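1. what shape does this take:
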Amino acid sequence: MNSVLRVSISPHYRWAHEHMFTLVEDLSDEQVVWRPNPSAIPIAFHLWHLARWADNLQWAIPKDFPRLIPAANMAQQLWDVEKIATKWRLEPSHLGHDQTCMLMTDDGAGHLDLPAKDVILGYARQAFALADQTVEEMDKLILNFDQTDQELKEAVLTVNQWIMEHLIHDNRHLGMIECLKGFLTSRGTATR
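-> The predicted structure is shown next:
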């Protein structure tokens, strides 16, 4: 079995979330739903999708690996607790796997009738805060756990991989947001 990479991931994970807010703060509601062509996915979708993935991650880690994060700390998804699909008048069966857009078609994703930017960002702020806290807790564990506990080591490796996959995924969507913003404002970015 591979050894666990003992490096802090949480600052990078948190940065991706903070950068997303920086990218969209000066955009209007009209700009976040703009699409360069009928089959393109708008910025609003990327915002919602990133928040859903973060909300799902902060819930899945303690649910699937209670030894890593005690059950007392186990959260539920904000999406479910606050019945956001109902509030936003979205049909859950149209939102893909776990209502995160996984396995949705591009056409379905591009035509979701999402609420105003500030509503999506409100959900994103809450979901990102919970996910950032969960990843921070994992960082502490990864940096300090006893690797002789094979079961714990395997759980840490799995969760570490999940977090890295989320970080890669988040940055992919950030790039899409940056590109769309460049079309809209002539100010996309290529650097941090």
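2. so what's Met138 closest to, chain neighbours aside?
-> Distances taken as C-beta to C-beta, 6 or more residues apart in numbering put Val159 closest to Met138, at 5.8 Å, once the chain neighbours are dropped. Just so you know, the C-beta spots here come from the backbone N, C-alpha and C atoms, and that holds for glycine as well.
3. from Val33, how far off is that neighbour?
-> 35 Å (C-beta to C-beta, to the nearest Å).
4. cool, and Glu91?
-> Distance from Glu91 to Val33, by C-beta to C-beta: 19 Å.
5. next, the buried residues of the longest helix that the chain contains.
-> Counting residues, the longest helix in the chain under DSSP state H turns out to be helix 150-185. Buried residues in helix 150-185, counted by 16 or more other C-beta atoms under 10 Å: 152-153, 155-157, 159-160, 162-163, 166-167, 170, 173-174, 176-178, 180-181, 184.
6. which other helices and strands contact it?
-> Under the contact criterion of 3 or more C-beta pairs under 8 Å, 6 or more residues apart in numbering; DSSP states H and E, helix 150-185 touches helix 10-24, helix 43-64, helix 117-144.
7. what is the first one packed up against?
-> The contact analysis (3+ C-beta pairs under 8 Å, 6+ apart) places helix 10-24 against helix 43-64, helix 117-144, helix 150-185.
8. of all these, which lies closest to Ala16?
-> helix 150-185 (4.3 Å; C-beta to C-beta).
9. I'd like the average pLDDT over that closest one.
-> Averaged across helix 150-185, the pLDDT comes to 87.
10. make 111 the first number, not 1, from now on.
-> Right, with 111 as the first residue, what we last looked at is helix 260-295.
11. chain center to it: distance?
-> 8 Å (C-alpha atoms, centre = their mean, to the nearest Å).
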